[in-house]
Structure formats: structure tokens, C-alpha cells
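Enquirer: Task: produce atomic coordinates for the following.
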Amino acid sequence: MRYIVVALAVFMFFGCSTSKMVNQWKDPATETFLASKVLVVGMTADKEIRRAFETELSQELEKNEVVAVRSIDFFESSFSNAKQSETDLNAAEQELLEKGFDAILLSKITGQYSKVTLVDAYKIFAKAYQSFSDYYYSNQHIYQKEQLESYKVYTSETSLFCICPGKERELLWRGQIEITAPSSSKKGISDFVKTLTAALKDKEILMTE
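Expert: Model (predicted):
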């Protein structure tokens, strides 16, 4: 019966949102920040993922009356395909200012790690009355370097920079979101955007409730 309860918890876990905010920071001197125009940047070499992410996030911001532009539309492909010098970045920032932007929102995947499923973790931990042979047998995979059933957790970082005159490149907000075993990139992006925009609303950054 206990295994059924845990299995149900696993099903519910994967059936719900695949992302959660694990850490965030807001400039203490900034109570609220409502941008006139924000550039949305998905930092990935995968152009399809980048396009899908920037599109969904831009559309969600637009729903909340934030003027958002995808970086994939603003920058020429040569800009993101090659390394840029500080001079190049200064010129790009000046162009953004001239075109009415006052904020840049950048998101990137910072790493990944594996977690054992709740069912396997529970099975290992809950057997309090195992004999030595039972315990050794159930854990001998460690010697053989066999893996229990696990799933990938991706860590991400999103930063909001103000490029307002006199406050160029000032960090206003940063958040770390974990994305857990999404069933598809579309699902992962959708959940990520919901988690991100909920945090921005809560902190009154870019949008308010």
C-alpha cells in the first residue's frame, strides 16, 4: 500500500509543472521596475529551442502588457554565431537604447544532474528491518556501477539587466529555476515560462499582478 501511495506521488509529480524557482535575488534599491521595451534572449546554440523559448516568453510578457522583442529577430545571425568583443557589445547596447529598449532578459541552462526516482529512493530507505544479505543484495549494483532509475534535472539562470540611461548594465533581478525531466521541450519551455513570469510578478519586475 505504501508503494502505491509513493508511486501515485511520482505520477502526480511528473504530471504537474516540471519547473520550480529555487533561488532568486532582487536589487534592494528597486521596488518596482516596469520596462518600456525588453529584449528576450535565450542563450542556446539550438536555434529551434531558442526560437520556441523566446517566442513563448515574449508572448507571455505581451499578455501582461510588456513590449517584448525576440533576440532572434533583433540580432543578425552573425551576431550570435560569432564571439563578440566588448566594443561590439557596447555598439549593440547603444543600438538597443536608440530603438527604445530599457531592459534585457537573458536565460541560460547552467548545468544538469540526475536524481533517483522517489519510488527507488523510498524502497531503499524504508526497509528498516532488512537482514544484511537483503541489504547487500539490493545495493550491490553500486559495485557494478549500475544505475537505479533516474531522471535529469536541468538548472537554469535568468537575469534581468537595465540598460536605462545612467544605469547601463545594472542587474535588477536574477533567478535560478530547475527544470525536471520534461516530457518534451515544449512542455519544459511552457512550465519554465510560467514559473519565471509568476516570480517576476511577485517581485514586481517587468509586470505586476
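Enquirer: unless I'm mixing things up, P165 is touching L96, no?
Expert: No. Taking contacts as C-beta atoms under 8 Å, P165 lies outside contact range of L96: 11.6 Å. Bear in mind the C-beta positions are built from the backbone N, C-alpha and C, glycine included.
Enquirer: where do the strands sit along this protein?
Expert: Counting by DSSP state E, the segments of the chain that form strands are 19-26, 38-43, 68-70, 103-116, 150-162, 170-180.
Enquirer: re the thing from before, give me the more crowded residue out of P165 and L96.
Expert: The residue with more neighbours, out of P165 and L96 and counting by other C-beta atoms under 10 Å, is L96; that gives 18 against 8.
Enquirer: Would you mind measuring from that one to Q176?
Expert: Plainly put, L96 is 25 Å away from Q176 if you go by C-beta to C-beta, to the nearest Å.
Enquirer: Could you do Q94 as well?
Expert: Distance of Q94 to Q176, given as C-beta to C-beta: 30 Å.
Enquirer: Comparing the two, which shows the higher neighbour count?
Expert: Neighbours of Q94 and Q176, each counted by other C-beta under 10 Å, are more numerous for Q176; the result is 15 against 12.
Enquirer: which residues touch that one?
Expert: For Q176, the contact set (C-beta atoms under 8 Å, 6 or more residues apart in numbering) comprises M21, V22, N23, Q24, T110, T155, S156, E157, T158.
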